[in-house]
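In: take a look and give me a structure for this.
(2 chains)
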Amino acid sequence: MSIIVNVDVMLARRKMTSGELAEKIGITQANLSILKTGKAKAVRFSTLEAICKALDCQPGDILEYKE
Amino acid sequence: MKTKINKGLNGTTIFVSLLCVVNIVWILCQSYFISTDSGEGCIAWHEDLYPVQLAIFAGRLIFKTAFYALIILFMVKQCKAIGSGTIFPRTNVTVIYTMAACYLVGEFCDSNMESAVMFCGSSGAIEINIDIIIYTILLVVFGILYKVAVDVSEENNLTI
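Out: Residues are numbered from 1 along each chain as shown, chains lettered A, B, ... in the order given. As a prediction, this is how the structure comes out:
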């Protein structure tokens, strides 16, 4: 898929662990792993909003389009 | 609610499995008796028609037995899947398609059993029952719909 999820990069910038983020946004670590590895088929707006809030960033910082 | 569905499905699975086992035993016994006994209602093996007779007899025995065995497999897999939280297991799609193929061949052989095997091809015509084709198509349609359900379910699981 040409949509790349940059949650890893943002986590490193904010010096936060996956576990902490999963807990903050209220999803399981397994689901966060699906998102990070690019296996996810879709992201709910509510999840995206929670991630942006937790990482203090914009949706564009997390999602990237590459041809 | 989930426990209720599980219980209902488990009960149905046991009931269907029992019916299928009875049918399998019936087919096996029937095949054994009509192939070994002599007299009326038994196979009249004919030299010229032997390959056709054997194919129809074996086809009926194998594919009808396989069909009922696949129904049991489908129900058991469905039960296990619901127990583990997946509603539509992908492996059941193949089971449904195989069931359709087994049903078509098995019922075709069954409908031709009398004329080709018992009475030694007395009618001389191969019977094709339209009902068999309709039920096979219905099974294939069910398989396609099940596959769509599997895809939707997987997509839903991968929506974060």
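In: from now on I want contacts and neighbour counts done on CA atoms only, so please keep to that.
Out: Noted.
In: just the buried positions in the lengthiest helix in chain A, please.
Out: Using DSSP state H, we find that the single longest helix of chain A is helix A:45-55. Residues A:48, A:49, A:50, A:51, A:52, A:54, A:55 are the ones in helix A:45-55 that count as buried (16 or more other Cα atoms under 10 Å in any protein chain shown).
In: could I get the average pLDDT for that helix?
Out: For helix A:45-55, mean pLDDT is 90.
In: which strands and helices sit next to the helix or strand containing residue B:34?
Out: Assessed by DSSP states H and E, residue B:34 sits inside helix B:2-36. Contacts defined by 3 or more Cα pairs under 8 Å, 6 or more residues apart in numbering or on different chains; DSSP states H and E place helix B:2-36 against helix B:50-84.
In: between helix B:2-36 and the helix it packs on, find me the angle.
Out: 170 degrees (axes from the mean of the first three to the mean of the last three Cα atoms, to 10 degrees).
In: for the closest residue to residue A:44 other than its chain neighbours, give me its contacts.
Out: In space, and not counting its chain neighbours, residue A:44 is closest to residue B:160: 6.1 Å by Cα to Cα, 6 or more residues apart in numbering or on different chains. The contact partners of residue B:160, by Cα atoms under 8 Å, 6 or more residues apart in numbering or on different chains, come to A:31, A:32, A:35, A:40, A:42, A:43, A:44, A:47.
In: got the residues of chain B near chain A?
Out: B:155, B:158, B:159, B:160 (Cα under 8 Å from any Cα of the partner chain).
In: for the first one, give me the pLDDT.
Out: So the one you mean is residue B:155. 86.
In: neighbours around it, how many?
Out: Residue B:155 has 14 neighbours, counted by other Cα atoms under 10 Å in any protein chain shown.
In: look up how far residue B:147 lies from it.
Out: 12 Å (Cα to Cα, to the nearest Å).
In: before we move on, what about the last one?
Out: To residue B:147, residue B:160 is 22 Å away according to Cα to Cα.
In: where does pLDDT dip in chain A?
Out: Low-confidence segments of chain A (pLDDT under 70): A:1.
In: all helices for it, in order.
Out: According to DSSP H, the helices that chain A contains are A:7-13, A:18-25, A:29-36, A:45-55, A:59-62.
In: which residues sit against the third one?
Out: If you take Cα under 8 Å, 6+ apart as the criterion, helix A:29-36 is touched by A:5, A:6, A:7, A:8, A:18, A:19, A:22, A:40, B:158, B:160.
In: having no further points to raise, I will conclude here.
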